[in-house]
Every structure is written in structure tokens, then in C-alpha cells.
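In: Next input, structure requested:
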Amino acid sequence: MLIKLEYIWLDGYQPESNLRSKTKVWDWDPTQQPKYNTLRENGPCPEELPIWSFDGSSTRQAEGTYSDCLLRPVRVVADPVRKQAFLVMCEVLNADFTPHETNHRDKLKTDSDAWFGFEQEYTLIKNGKPLGFPKDGNPDPQGMYYCSVGTRNVNGREIAEEHLDTCLSAGLQVTGINAEVLLGQWEYQLLGKGNHIAGDDLWLSRYLLHRICEKYSVHVEFHPKPVLGEWNGSGMHTNFSNKEMREVGGEELFREICEKLKSRHTEFIDNYGSFNELRLTGEYETADISNFSYGVADRGSSIRIPVGVVNDGWKGYLEDRRPASNADPYKVINLISATLKDCKTEKIVEY
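Out: I've put the predicted structure just below:
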């Protein structure tokens, strides 16, 4: 049977990569046993899909005189919109099959016990302004827009709802959506279990959001400060845990993790998205970018310890509130996982 495979990858632009994609029509035999005895879910598995080349000179990943780069499939989910189609997240390889320097996914170590819950904020832009903003000037100050209802306070709900339905149909674990503090700003929450799946699924969810917005002639803005002035920015708060945190816990363990995160604060900030200094000002529910802090139920800190964690005997997860909305989830996951592994208990993450 002929199926459509949308190969999706990250380009070499800086400071953040952009999503790229192209379609391969492929003759797939679902009755044929895939290599390596890999179990199929709801379609082909990555290992049975062909590696495909692309012009790296057009994506800032190669020179024109030697421009071929390779796409290696690593995650496949159903494409709910196109007929007989699948979305294929790919790693970028050099022509000799080594990982390309822009391939940050390759740096991740396998850890199926790691859970990452991303709170992805984004702003819907049309004609240079967030949806709902008047042609001239600004709307009423923020306050009435968060989790609100009605045409005076909410814009873009049809996009957020369609994105939710599409992600769920694709098998992505989106756990909720809500209108955010800035008019025209929304958030969705996505849970990924396992380092690789968490990063892959966040990128796939972003891809679907971009594609849906094409239909509405609306731009998805992931800039962490889409409107300067007295307006909230956009983040990608990252909730994380592993088996040790969820099942053993203890105040000593959680405070040790926070102290380890503190010791690498500058390194994290350097990898948590560009223009984040415009968002992390110490105001509008953020910590100051220069100062690391953590506290129970404190949304003005770098790391929030949920009050539910304390009430459950210090078991559960932590929320890193520093990542910008444009942060690369692969980089975020890699930094957090490495920090957990570095804790002296040596039981927190076992690769």
C-alpha cells in the first residue's frame, strides 16, 4: 500500500533551529515483519523506513559543493489530517552517517524512567500583532485574558482546539490547553515518558501547530517576549521527574537536585532559548535571569517545588520555569538529565 511519509527535521539556523519537512510516497507492506523484531504501533516503525537525503546547503547544514545530508527516521506517529499518512521525526546525519553538529537529539542518553511535562506557550500573530489587538494601540491591560471566555477576552480558540484534537489523534500526550495572560497567547501541556520520546513529541506538536496555522493565515510566534512592555512573556516551563523522585523522594533529595541545578545555572540559561533576558526579569511570574532561586509553590522562582510534592511526603516532580518558549526540548532534556545523574545518590537516573 502507498503511504505518505512527512519527514521532519531541524535545520541549522541560529540561534534556534527551524522545522523543515518534505513528503515521501512509499510502498509499505504492513504484513512484512520489520527488521530487528521491532514492534509496530499504529503504522511503520522508524527502523523499517528508508534514510533519505536532502540539500543541506539550503538549510545552513552543508556547503553547496558537498551538500547532501541524511535524514534518519527516529519517531513515527499517525498524521490525522492527510490520508494514509504519517509524521516522521528525523535526526540529521552527515553524508558518512555520523551525527550532524546540529543534531542535538543524538546527545540524549536513553532513560525510559524520565518523565518531562512541557507547558508550551505561544502567541498567535496576524498583521504583526497578537490576535485581538486593535490595529492602533493596545487592548485593555492584562488581567482578564487568562483562562477567560468570550470574544472580548479570547482570540484564537478555534486554532488551539483544532491543535488539541489533532495532537490527540496523532497519539501525542497533550494533557490540556488554556488561554494565557497575554491576549492572543495560548498554552498546551504535553507529557513525554522517556528522554527521546519527550523531545520528539514536543517538536511534532510544534510542527502540527505551524501547519494548522497555515490554514488560518496566522503566524505562530515562539519569541519569549512577543510584546514589549507591561505584558507577560512566553515560556516552556518544564516539569521533570524520574523513578527516584516519584517513588522514593524526600526533602533532602529534592533540595540536592535544586542545588545541583543552581551550580549550572549559567550553562542552562545559555541553552534555554534566545532573548530570554527580555522575559526573565523578576516580574510577571518569572525569576531574574541572573539569580537562581527555588521555593515551594513560588512561581517567581527559577525552580518551583509544587506544594503537592510536599504534601505527598516530598515525592513527585520539579518545575523548571526558566526555559523560553523557543527553547529546544532536546537541549533542555539533556541538561536536566545530566544534572540528575550527577547527584550524589547515584540512584536518581541509571542509564
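
In: Tell me the confidence at Val154?
Out: Predicted confidence (pLDDT) at Val154: the value is 96.

In: same check, this time on Lys35
Out: At Lys35, pLDDT is 67.

In: Quick one: end-to-end length of stretch 238-253, please.
Out: End-to-end distance for stretch 238-253: 19 Å, by Cα to Cα, to the nearest Å.

In: Can you pull out the residues in contact with that stretch?
Out: Stretch 238-253 is contacted from outside by 111, 113-119, 254, 257, 309, 312-320, 323, 329, 332, 336, 340, 343, 345, 347-349, using Cβ atoms under 8 Å, 6 or more residues apart in numbering. Every C-beta, even on glycine, is put in place using the N, C-alpha and C of the backbone.

In: Go through these and flag which are in helices.
Out: Mapping the contacts of stretch 238-253 onto helices (DSSP state H) picks out 254, 257, 309, 329, 332, 336, 340.

In: Could you pull up the contacting residues of the closest residue to the third one other than its chain neighbours?
Out: Just to be clear, that refers to Val309. In space, not counting the residues next to it along the chain, Val309 is nearest to Gly316; the distance is 3.9 Å by Cβ to Cβ, 6 or more residues apart in numbering. By Cβ under 8 Å, 6+ apart, the contact list for Gly316 reads 241, 245-246, 249, 306, 308-309.

In: List buried residues within those residues.
Out: For the contacts of Gly316, a burial check counting by 16 or more other Cβ atoms under 10 Å picks out 241, 245, 249, 309.

In: my read: Asp68 touches Asp55, true?
Out: Yes: applying Cβ atoms under 8 Å as the test, Asp68 and Asp55 come out as touching, 7.5 Å apart.

In: can I have stretch 58-65 written out in CSV, keeping just the CAs?
Out: The C-alpha trace of stretch 58-65 is given here as CSV (Å, rounded to 0.1, in the frame of the first residue of the first chain):
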residue,chain,number,x,y,z
SER,A,58,19.6,25.2,1.7
THR,A,59,19.2,24.7,5.4
ARG,A,60,22.6,26.0,6.6
GLN,A,61,23.8,22.5,7.2
ALA,A,62,26.2,21.9,4.3
GLU,A,63,28.2,23.7,1.6
GLY,A,64,26.9,23.8,-1.9
THR,A,65,29.9,21.9,-3.2
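
In: who's in contact with that stretch?
Out: With Cβ under 8 Å, 6+ apart, stretch 58-65 has contacts from 11-14, 20, 55-57, 67-69, 92, 100, 102.

In: let's see it at 7 Å
Out: 11-13, 20, 56-57, 69, 92, 100, 102 (Cβ atoms under 7 Å, 6 or more residues apart in numbering).

In: Can I get those residues in JSON lines including secondary structure and distance to Leu168?
Out: Output for the contacts of stretch 58-65, formatted as JSON lines (DSSP: H, G, I helix; E, B strand; the rest coil; distance: Cβ to Cβ, whole Å):
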{"residue": "Asp11", "secondary structure": "coil", "distance to Leu168": "28"}
{"residue": "Gly12", "secondary structure": "coil", "distance to Leu168": "32"}
{"residue": "Tyr13", "secondary structure": "coil", "distance to Leu168": "30"}
{"residue": "Arg20", "secondary structure": "strand", "distance to Leu168": "25"}
{"residue": "Gly56", "secondary structure": "helix", "distance to Leu168": "34"}
{"residue": "Ser57", "secondary structure": "helix", "distance to Leu168": "38"}
{"residue": "Cys69", "secondary structure": "strand", "distance to Leu168": "33"}
{"residue": "Val92", "secondary structure": "strand", "distance to Leu168": "28"}
{"residue": "His100", "secondary structure": "coil", "distance to Leu168": "32"}
{"residue": "Thr102", "secondary structure": "coil", "distance to Leu168": "30"}
